[in-house]
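Engineer: Next one to model:
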Amino acid sequence: MKAKIASIFNQHFEGNPLIVRSPGRINIIGEHVDYNGGYVLPAAIDKYIYVAISKRNDDRIGLYSVNFESSVEIALNDIKPSNDYSTYILGVVDQLLQRGFSISGFNMVIDGDIPVGAGLSSSAALESAVAFALNELFQLGISRLDLVLIAQKAESTFAGVHCGVMDMFASIYGVKDSVIKLDCDSLLFEYMPLKLDGYSLVLFNTNVKHSLASSAYNVRREQCETGLNLIKQIFPDVKTFKDVTENQLTTYVLPYDKEIFNRCFYVVKEIQRLNEACQFLQKGDLQALGKHLYATHEGLSKEYDVSCFELDYLINAVKSNPNVLGARMMGGGFGGCTLNIIKNEEIDSLSNDLSLAYEKETRLILDTIKVNTSNGTELVT
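Structural biologist: Here you go, the predicted model:
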């Protein structure tokens, strides 16, 4: 990939570019907890966005996307959001300028192998790669944590996606054979070992995205905020859902609104499951971890109500298979991927059988994506 992107760079621009790669991410457990101030357990994966970059002698930005076969050129003092890939790049530039960093024009080529729309955070990987690359190119001296915050702010303010920090954090801080236990409220974190020993992480992509995903996401945020505020009014020491008990929800939120109770109950239970999952990882107990993945999917489907027929179908299809330790939907919901822990020698046959059954049931193609954990954003040497 280094040779490929360097060659493409020289077809469009001049100079010897710096090359940076930034990984996509999965989340083992802790879905929809990041914006609720709880814990998440993401890992960087071996699917990447690559950027090649060099300085220009003027104040213009030249971009070329290999995947979209698209060029953009814009003045540094005239950047604004658009409806294409450049928004994620220019959003990072905007953040650097707002923070007072001095940069000049640059040329950049973007390539990658993160499947778009699969819920693996290709946009966060792109923003992380751009922030890291500009920091290196212009020797800005920005810490990794501030790179995370710059990338996240670029997406939330410039691209208009009100995301948490998990995706960028995983992309920049990832470590191979590890997952990150991240407190999304304090941003304190620690690494947990991920030893798969004969098993692999496999994603089955439904290749569907239902239209209510974005609106439902905002509704879930509002419902959780409402439930948490009900508890805070009675217990002023409660700051986030990490401080909330099931009994408090049953006593004070359930009588108010059952649906809001269900959303909040899922979050509290998911925080419990994540803490227990970390204990399983430290012990190397994949069987117990897998059971928690199934329990998480049940909560996402029935309590948080962000699953869909296609996702539930894939989970039900593997649930009784002894070669699958656990599975759940991953990401925002209403489509995207399921995350599965599958015995290595059974992946191909299971994938083939499931693809045939899924296509017959839904008339959709099922994509299989095997992933390994990876290091975070780095220079390609």
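
Engineer: Check the average confidence over the longest strand seen in the chain, would you?
Structural biologist: The longest strand of the chain (DSSP state E) is strand 42-55. For strand 42-55, mean pLDDT rounds to 97.

Engineer: what are the C-alpha coordinates of it, in CSV please?
Structural biologist: Taking Å, rounded to 0.1, in the frame of the first residue of the first chain, the C-alpha atoms of strand 42-55 are listed here in CSV:
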residue,chain,number,x,y,z
PRO,A,42,-12.9,-0.9,21.4
ALA,A,43,-9.9,-2.2,19.5
ALA,A,44,-8.1,-0.9,16.4
ILE,A,45,-8.3,-3.3,13.5
ASP,A,46,-6.1,-4.2,10.5
LYS,A,47,-8.2,-2.2,8.0
TYR,A,48,-6.8,1.3,7.3
ILE,A,49,-7.1,4.7,5.8
TYR,A,50,-3.8,5.8,4.3
VAL,A,51,-2.8,9.4,3.6
ALA,A,52,0.2,10.7,1.7
ILE,A,53,1.0,14.3,2.3
SER,A,54,3.6,17.0,1.4
LYS,A,55,3.8,20.8,1.8
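
Engineer: mind listing what's buried in that strand?
Structural biologist: By 16 or more other C-beta atoms under 10 Å, the buried positions in strand 42-55 come out as 42-45, 47-54. Any C-beta I mention is one placed from the backbone N, CA and C, and that applies to glycine too.

Engineer: Can you spell out which helices and strands pack onto it?
Structural biologist: Judged by 3 or more C-beta pairs under 8 Å, 6 or more residues apart in numbering; DSSP states H and E, strand 42-55 is in contact with helix 2-12, strand 18-27, strand 106-112, helix 122-137, helix 166-173, strand 178-183, strand 367-371.

Engineer: Turn those into a markdown table, columns for mean pLDDT, distance to F235 and mean neighbour count.
Structural biologist: Listed next are the helices and strands packed on strand 42-55 as a markdown table, based on pLDDT from 0 to 100; distance: least, C-beta to C-beta, whole Å; neighbours: other C-beta atoms under 10 Å:
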| stretch | mean pLDDT | distance to F235 | mean neighbour count |
| --- | --- | --- | --- |
| helix 2-12 | 94 | 53 | 15 |
| strand 18-27 | 97 | 29 | 27 |
| strand 106-112 | 97 | 46 | 24 |
| helix 122-137 | 96 | 34 | 28 |
| helix 166-173 | 96 | 27 | 28 |
| strand 178-183 | 97 | 20 | 22 |
| strand 367-371 | 96 | 41 | 17 |
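
Engineer: right, so of those, which gets closest to Q282?
Structural biologist: Closest of those to Q282 is strand 178-183, at 10.5 Å (criterion: C-beta to C-beta).

Engineer: Endpoints of stretch 358-368, how far apart?
Structural biologist: In terms of C-alpha to C-alpha, to the nearest Å, the two terminal residues of stretch 358-368 are separated by 12 Å.

Engineer: how far does it sit from the chain's center?
Structural biologist: Taking C-alpha atoms, centre = their mean, to the nearest Å, one finds the center of stretch 358-368 at 24 Å from the center of the full chain.

Engineer: residues of that stretch that come out buried?
Structural biologist: Counting neighbours by 16+ other C-beta under 10 Å, stretch 358-368 gives 358, 362, 366, 368 as buried.

Engineer: ditto for stretch 304-313
Structural biologist: 304-308, 310-313.

Engineer: Stretch 62-74 now?
Structural biologist: By 16+ other C-beta under 10 Å, the buried positions in stretch 62-74 come out as 62-66, 72, 74.

Engineer: a markdown table for those residues, including secondary structure?
Structural biologist: Formatted as a markdown table, the buried residues of stretch 62-74 follow (DSSP: H, G, I helix; E, B strand; the rest coil):
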| residue | secondary structure |
| --- | --- |
| G62 | strand |
| L63 | strand |
| Y64 | strand |
| S65 | strand |
| V66 | coil |
| V72 | strand |
| I74 | strand |
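
Engineer: Nearest to S374 among these?
Structural biologist: Nearest to S374, judged by C-beta to C-beta, of the buried residues of stretch 62-74 is V66 at 20.5 Å.

Engineer: okay, now L140: neighbour count?
Structural biologist: Using other C-beta atoms under 10 Å, L140 has 16 other residues around it.

Engineer: Please save the CA atoms from stretch 259-278 in PDB.
Structural biologist: Taking Å, rounded to 0.1, in the frame of the first residue of the first chain, the C-alpha atoms of stretch 259-278 are listed here in PDB:
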ATOM      1  CA  GLU A 259     -39.700   3.100  27.300                       C
ATOM      2  CA  ILE A 260     -37.200   5.500  28.900                       C
ATOM      3  CA  PHE A 261     -36.700   3.000  31.700                       C
ATOM      4  CA  ASN A 262     -35.800   0.300  29.100                       C
ATOM      5  CA  ARG A 263     -33.200   2.600  27.400                       C
ATOM      6  CA  CYS A 264     -31.600   3.500  30.700                       C
ATOM      7  CA  PHE A 265     -31.800  -0.100  32.000                       C
ATOM      8  CA  TYR A 266     -29.900  -1.300  29.000                       C
ATOM      9  CA  VAL A 267     -27.100   1.200  29.600                       C
ATOM     10  CA  VAL A 268     -26.700   0.300  33.300                       C
ATOM     11  CA  LYS A 269     -26.700  -3.400  32.500                       C
ATOM     12  CA  GLU A 270     -24.200  -2.900  29.600                       C
ATOM     13  CA  ILE A 271     -21.800  -1.100  31.900                       C
ATOM     14  CA  GLN A 272     -22.000  -4.100  34.300                       C
ATOM     15  CA  ARG A 273     -21.400  -6.500  31.400                       C
ATOM     16  CA  LEU A 274     -18.400  -4.500  30.200                       C
ATOM     17  CA  ASN A 275     -16.800  -4.600  33.600                       C
ATOM     18  CA  GLU A 276     -17.400  -8.300  33.900                       C
ATOM     19  CA  ALA A 277     -16.000  -8.700  30.300                       C
ATOM     20  CA  CYS A 278     -12.800  -7.100  31.300                       C
END
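
Engineer: Fine by me, we can end here.
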